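> here's a sequence, model it:
(2 chains)
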Number of protein chains: 2
Amino acid sequence: MRPVRYSVAASLDGYIAGPRGEFDWIPNDPSVDFASLFAKVDTVLLGRRSYELVRQQGGSPWAAGTRVYVFSGTLRPEEHPGVTIVRDDVGSLVASLRSEAGDGEIWLFGGGSLFRSLLAEGQVDAVEITVVPVLLGGGVPLVQPGAPRTVLALTGTRTYPSGMVSLSYTTKRPNA
Amino acid sequence: MRPVRYSVAASLDGYIAGPRGEFDWIPNDPSVDFASLFAKVDTVLLGRRSYELVRQQGGSPWAAGTRVYVFSGTLRPEEHPGVTIVRDDVGSLVASLRSEAGDGEIWLFGGGSLFRSLLAEGQVDAVEITVVPVLLGGGVPLVQPGAPRTVLALTGTRTYPSGMVSLSYTTKRPNA
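Numbers count the residues shown, from 1 in each chain, chains lettered A, B, ... in the order given. Now for the predicted structure:
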């Protein structure tokens, strides 16, 4: 089975982007080795807004050749070559990706709305939040409100020189 | 100067109480030594809702003899002997408590609305969040939305056997 891992940077008050979608609060910490963190990722899942934010940045943070699935009821597939647009039945598509052979990892890149849907479907295996030392006071939440209560098990922590702290968890079943 | 420290347990998604005000998601971890954590606290600050939650529990988590200030525009002082009800001018009262002589600490017990007001007034010196390994999907936010962006400096982390992780910070000036 190939694990789905929700891996994002978040403010201490639980936002993954500021009130105007901004990311300027995330320090550029050279000690974070993204290449090795995501070496096993061969598949990326994104909601529509996260996908549009990535496109605005002009380049994607994952390796060339990575399979990319964007979950959206409105984007037109013919306008987005190179990615697979998934309109509905999010849970069964992700279940099928997870059951593929191999040890590649599936990176749930964002955002909080897709994370909520996949939590509700029991399709998230691991959660890794890099807590940035800032309070934003508003913005895009880590989890869109309405997700089921989900118990986690801590698997590790790591502190970076910039004051960021990564907290890694596996998920237990909802309401466990 | 006596520091104001906002010290609370929160879910990974940033809630200090569940959607119905519940705390049943906070593990009773015997390795957390509350007595020594709060040994220097001689003053406690609470918003109205946090105060009412403490009263419902039937006992307060702080030592006898602690000075208690409750910030509320509606509670009637004569009905709440033993605590000081503060109706307005939250910032100047707290500034005056901070400037008192001695090395006692001021515990900002909760909740997110009082924390927002005091952040905006620059009256919070330290933030200590004990992150509980759970996603709640909704509830009472750690910081009420609308707080100013506040940069923090990490001062320490501690991992407990239950999987809780305490993250300690000092505050820098808003928008620094």
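
> got the contact list for the lowest-mean-pLDDT helix or strand in chain A?
Ranked by mean pLDDT, DSSP states H and E, the weakest helix or strand in chain A is helix A:34-37, scoring a mean of 79. Residues from elsewhere that reach helix A:34-37 (CB atoms under 8 Å, 6 or more residues apart in numbering or on different chains): A:Ser7, A:Pro61. Where C-beta positions appear, they are placed from N, C-alpha and C, glycine not excepted.

> what sits against the nearest residue to A:Pro141 once chain neighbours are set aside?
Computed as CB to CB, 6 or more residues apart in numbering or on different chains, the closest residue to A:Pro141 that is not its neighbour in sequence is A:Gly112, at 4.8 Å. When contacts are counted by CB under 8 Å, 6+ apart, A:Gly112 is found next to A:Ile16, A:Val140, A:Pro141, A:Leu142, A:Val143, A:Gln144.

> I figured the last one was touching A:Leu118, is that so?
Right, A:Gln144. No: using CB atoms under 8 Å, A:Gln144 makes no contact with A:Leu118, being 11.1 Å away.

> quick one: which of those two has more around it?
A:Leu118 (22 against 19; other CB atoms under 10 Å in any protein chain shown).

> show me what contacts the residue nearest to A:Gly139 when sequence neighbours are not counted?
In this structure, A:Gly139 finds its nearest non-sequential neighbour in A:Tyr15, 3.6 Å apart by CB to CB, 6+ apart. A:Tyr15 is in contact with A:Leu136, A:Gly138, A:Gly139, A:Val140, A:Pro141, A:Leu142, B:Gly14, counting by CB under 8 Å, 6+ apart.

> which residue, other than its chain neighbours, is closest to the closest residue to chain B within chain A?
Across chain A, no residue is closer to chain B than A:Gly14, which sits at 2.8 Å (CB to the nearest CB). The shortest distance from A:Gly14 to any non-neighbouring residue, by CB to CB, 6+ apart, is to B:Gly14 (2.8 Å).

> count the neighbours of that neighbour for me.
Around B:Gly14 there are 26 residues (other CB under 10 Å).

> related to what we said a few turns ago, from the contacts of A:Gly112, which land in strands?
Those of the contacts of A:Gly112 mapping onto strands are A:Ile16, A:Val140, A:Pro141, per DSSP state E.

> let me see the contact set for the last one.
Spelled out, that is A:Pro141. By CB under 8 Å, 6+ apart, the neighbours of A:Pro141 are A:Gly14, A:Tyr15, A:Ile16, A:Gly112, B:Asp13, B:Gly14.

> and for the first one?
The contact partners of A:Ile16, taken as CB under 8 Å, 6+ apart, are A:Val8, A:Ala9, A:Ala10, A:Gly110, A:Gly111, A:Gly112, A:Gly139, A:Val140, A:Pro141, A:Leu142.

> show me which residues of chain A sit near chain B.
A:12-15, A:18, A:25, A:116, A:119, A:127, A:129, A:131, A:133-138, A:141-143, A:145-154, A:157, A:159, A:163-165, A:167, A:169 (CB under 8 Å from any CB of the partner chain).

> from the residues you listed, list just the buried residues.
By neighbour count, with 16 or more other CB atoms under 10 Å in any protein chain shown, the residues of chain A next to chain B hold A:12-15, A:18, A:25, A:116, A:119, A:127, A:129, A:131, A:133-138, A:141-143, A:147-152, A:154, A:157, A:163-165, A:167, A:169 as buried.

> right, and A:Leu135 touches B:Pro145 too?
No: taking contacts as CB under 8 Å, A:Leu135 lies outside contact range of B:Pro145: 11.0 Å.

> pipe the contacts of A:Pro141 into JSON lines and attach pLDDT per row.
Listed next are those as JSON lines, based on pLDDT from 0 to 100:
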{"residue": "A:Gly14", "pLDDT": "95"}
{"residue": "A:Tyr15", "pLDDT": "95"}
{"residue": "A:Ile16", "pLDDT": "93"}
{"residue": "A:Gly112", "pLDDT": "90"}
{"residue": "B:Asp13", "pLDDT": "96"}
{"residue": "B:Gly14", "pLDDT": "95"}
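
> off-centre distance for stretch A:133-145?
14 Å (CA atoms, centre = their mean, to the nearest Å).

> one step back: what about the residues of chain A next to chain B, which are in strands?
Checking the residues of chain A next to chain B against DSSP E, those in strands are A:15, A:127, A:129, A:131, A:134-135, A:141, A:150-154, A:157, A:159, A:165, A:167, A:169.

> mind checking how far the nearest residue to A:Ser117 once chain neighbours are set aside is from A:Gly47?
Spatial nearest neighbour of A:Ser117, chain neighbours left out: A:Val90 (5.3 Å); criterion: CB to CB, 6+ apart. According to CB to CB, to the nearest Å, A:Val90 and A:Gly47 sit 10 Å apart.

> need the contacts of A:Pro141 in TSV with distance to A:Ser60, can you?
Formatted as TSV, those follow (distance: CB to CB, whole Å):
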residue	distance to A:Ser60
A:Gly14	25
A:Tyr15	22
A:Ile16	17
A:Gly112	20
B:Asp13	26
B:Gly14	28
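
> perfect, that will be all.
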